[in-house]
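1. Model the structure of this input:
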Amino acid sequence: MTLGRERCVACRRDSPRVTDEEIVELHPQVSDWQLTEHDEIKRLDRTFKFSNFAGAMEFTHKVGGAAEDEGHHPRITTEWGRVNVAWWTHKIRGLHRNDFVMAAKTDVLYAEVS
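-> Sure thing, here's the model as predicted:
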């Protein structure tokens, strides 16, 4: 199954972070996303480009709706002509498979609006 078609699983504070080996396996499926680290927390980060603010807002709302549907929420920064999305699992202070699933779903949404 491709990541973009998976559903997120409920994540608890004792859920395991993805291993380095799992990151090597999963990251190619969302290769436009950067692996970043902020405050010692690994994240998936991507900036999406738009020709205007209205397009950026439409995309922001779509990502927000998908996040609500899955119960897994990103950091979203919307500006004129671009939207930055960062996925990580707050409860475990790092990356979970859900973050890769939601990055793939975000890519699908971008393809629909761009």
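2. So which residues of this structure form helices?
-> All helices of the chain, identified by DSSP state H, fall at 20-26, 53-70, 97-113.
3. Most tightly packed of those helices?
-> helix 97-113 (a mean of 20; mean count of other Cβ atoms under 10 Å). All C-beta atoms are positioned from the backbone trio N, CA, C, and that covers glycine.
4. pretty sure Trp33 contacts Thr47?
-> No. Using Cβ atoms under 8 Å, Trp33 makes no contact with Thr47, being 10.1 Å away.
5. Neighbour count for the two, which is higher?
-> Neighbour count, other Cβ atoms under 10 Å: between Trp33 and Thr47, Trp33 has more, with 21 against 13.
6. Show me the shaky parts of the chain.
-> In the predicted model, the chain carries pLDDT under 70 at residues 1.
7. Give me the contacts around the longest strand seen in the chain.
-> Criterion DSSP state E: the longest strand present in the chain is strand 41-49. Where contact means Cβ atoms under 8 Å, 6 or more residues apart in numbering, the residues beyond strand 41-49 that reach it are 17, 30, 32-37, 56, 59, 81-88, 93-95, 99-100, 103, 106, 110, 114.
8. Mind giving me the ChimeraX select for these, buried ones only?
-> To isolate the buried ones among these in ChimeraX, judged by 16 or more other Cβ atoms under 10 Å, type:
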select :17,30,33,56,59,83,85,86,87,88,94,95,99,100,103,106,110
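9. Closest to the centroid, which residue in the protein?
-> When Cα atoms, centre = their mean is applied to the chain, the residue found nearest the centroid is Ala103 (3.4 Å).
10. right, and it touches Val30 too?
-> Yes. Using Cβ under 8 Å, Ala103 is in contact with Val30, at 4.2 Å.
11. list the residues that contact both of those two?
-> Shared contacts of Ala103 and Val30 (Cβ under 8 Å, 6+ apart): 3, 44.
12. Skip the chain neighbours and tell me the closest residue to Gly4.
-> Closest residue to Gly4 apart from its sequence neighbours, by Cβ to Cβ, 6 or more residues apart in numbering: Ala104 at 3.7 Å.
13. Contacts only, for the one you found.
-> 2-4, 6, 29-30.
14. Can you name the two of these that sit furthest apart?
-> Glu6 and Val30 (12.2 Å; Cβ to Cβ).
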